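Enquirer: let me see the structure of the following:
(one chain, ligands or ions: 3)
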Amino acid sequence: MKIAILPGDGIGPEIVTQAVKVLNALDEQFELETAPVGGAGYEASGHPLPEATLALAKAADAVLFGAVGDWKYDTLDRPLRPEQAILGLRKNLGLFANLRPAILYPELAGASTLKPEVVSGLDILIIRELTGDIYFGQPRGVRECPDGPFKGQREGFDTMRYAEGEIRRIAHVAFQAAQKRDKRLTSVDKANVLETFQFWKDIVTDVHKEYPDVALDHMYVDNAAMQLVRAPKKFDVIVTGNMFGDILSDAAAMLTGSIGMLPSASLDANNKGLYEPSHGSAPDIAGKGIANPLATILSAAMMLRFSLGKTEQADRIENAVKAVLAQGLRTADIYEEGTTKVGTEQMGDAVVKALAK
Ligand SMILES: NC(=O)C1=CN([C@@H]2O[C@H](COP(=O)(O)OP(=O)(O)OC[C@H]3O[C@@H](n4cnc5c(N)ncnc54)[C@H](O)[C@@H]3O)[C@@H](O)[C@H]2O)C=CC1
Ligand SMILES: CC(C)CC(=O)C(=O)O
Ligand SMILES: [Mg+2]
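Expert: Ligands and ions are numbered 1, 2, ... in the order given. Down below sits the predicted model:
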């Protein structure tokens, strides 16, 4: 089985190194091939998603991705910016379904900024549509404002859009995921204001007819943001569009103690996937050896489960993560008094050691 390893920028290489260490400790015959992406791709070949990197990602059975981006590239033309690499991979590989499980490990109840009673026992799944919405809609750009009080000035614009088939396929993924859990699905929209999301709501409601065993409710995104911090355990599965899912999943990350704990799977129609932590390249802490590698290690576990058919190995990794947390080991982002602060590498080593038990 071939796995494309795309570390990227910032903390990407540091955290991916730990996940690779864990994969190598499983005694499986994985063929791992590394390629540059993001700012690293731009430096190596003048493009954030070099052709050879895309070809490797397409040919591999699964992709393990770190993160891309650095402030120093923010003035480049948009097609050359590092973020275009992850957007391009998602689009080119047809990775329309992004699964972001927000689970609070009991040991981290005190690490969340929310009261322990609000978050303890949390286990929710955010399903974010990943290849549509305003992130990909055309046209977009900066033009001369055609009318109104600002006529003649420059204006920035983007296009929010969803085709019926795009909504239907993510709705099916969400209903089927809910069927395997507590059979409750919340579709998050902004139907009170946006045509795109009234359409979204209507299509999700229609798909629901095929899943009578799942309880569906609809919630506006502003309320959903509030409910996520007020009473997050009331959710089971959340399905939403690309932009709302991006924002809500970062908010949900803090329910788990840190964004460094939130893994993700981005899947195509055949469960081929790209696996990455939900966070970015964290340039503010890059190179310091303090980033939390657990979201990336847990993403590798999702890869084994969803794309490589290695459920037992996925369980081993997840149990090893639980074990290191139970041992009291914490990176800085989840550190509390009475626990032991460790760096990125020590955390990776501890997970490898815990695998052996
Ligand atoms: N999929 C991707 O490659 C993504 C890339 N980005 C890019 O990353 C760069 C930084 O973006 P930000 O908005 O700062 O988001 P970010 O997620 O990189 O960082 C936000 C905050 O969380 C902290 N953080 C993130 N991951 C952490 C970890 N594993 N351990 C400990 N702390 C962690 C950072 O230090 C920072 O304070 C930008 O260039 C952005 O475009 C952002 C999100 C996703
Ligand atoms: C480049 C961004 C769309 C990445 C991001 O924020 C995410 O996928 O969560
Ligand atoms: Mg994001």
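Enquirer: just checking, what packs against the helix or strand of the chain with the lowest mean pLDDT?
Expert: Scoring the helices and strands of the chain by mean pLDDT, DSSP states H and E places helix 116-119 at the bottom, with a mean of 94. For helix 116-119, there is no helix or strand it packs on, judged by 3 or more CB pairs under 8 Å, 6 or more residues apart in numbering; DSSP states H and E. C-beta: built from backbone N, CA, C; applies to glycine.
Enquirer: how about the stretch 1-150 of the chain: which residue is closest to ligand 1?
Expert: Proximity to ligand 1, evaluated over the stretch 1-150 of the chain using CB to the nearest ligand atom, is greatest for Gly69 at 2.3 Å.
Enquirer: what's the pLDDT at that residue?
Expert: pLDDT for Gly69: 97.
Enquirer: where are the low-confidence patches of the stretch 201-350 of the chain?
Expert: Scanning the stretch 201-350 of the chain for pLDDT under 70 picks out no residues.
Enquirer: the residue in it that ligand 1 sits nearest to: neighbouring residues, count only.
Expert: Taking CB to the nearest ligand atom as the measure, the point where the stretch 201-350 of the chain comes nearest ligand 1 is Gly280, at 2.4 Å. With neighbours defined by other CB atoms under 10 Å, the count for Gly280 comes to 22.
Enquirer: tell me the contacts of the closest residue to it other than its chain neighbours?
Expert: Excluding the flanking residues, the one nearest Gly280 by CB to CB, 6 or more residues apart in numbering is Ala67, at 5.0 Å. Residues in contact with Ala67, defined by CB atoms under 8 Å, 6 or more residues apart in numbering, are 8-12, 15, 38, 276-277, 279-282.
Enquirer: including secondary structure, could the residues you listed go into a markdown table?
Expert: As requested, the contacts of Ala67 are exported to a markdown table (DSSP: H, G, I helix; E, B strand; the rest coil):
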| residue | secondary structure |
| --- | --- |
| Gly8 | strand |
| Asp9 | coil |
| Gly10 | coil |
| Ile11 | coil |
| Gly12 | helix |
| Ile15 | helix |
| Gly38 | coil |
| Glu276 | coil |
| Pro277 | coil |
| His279 | coil |
| Gly280 | coil |
| Ser281 | coil |
| Ala282 | coil |
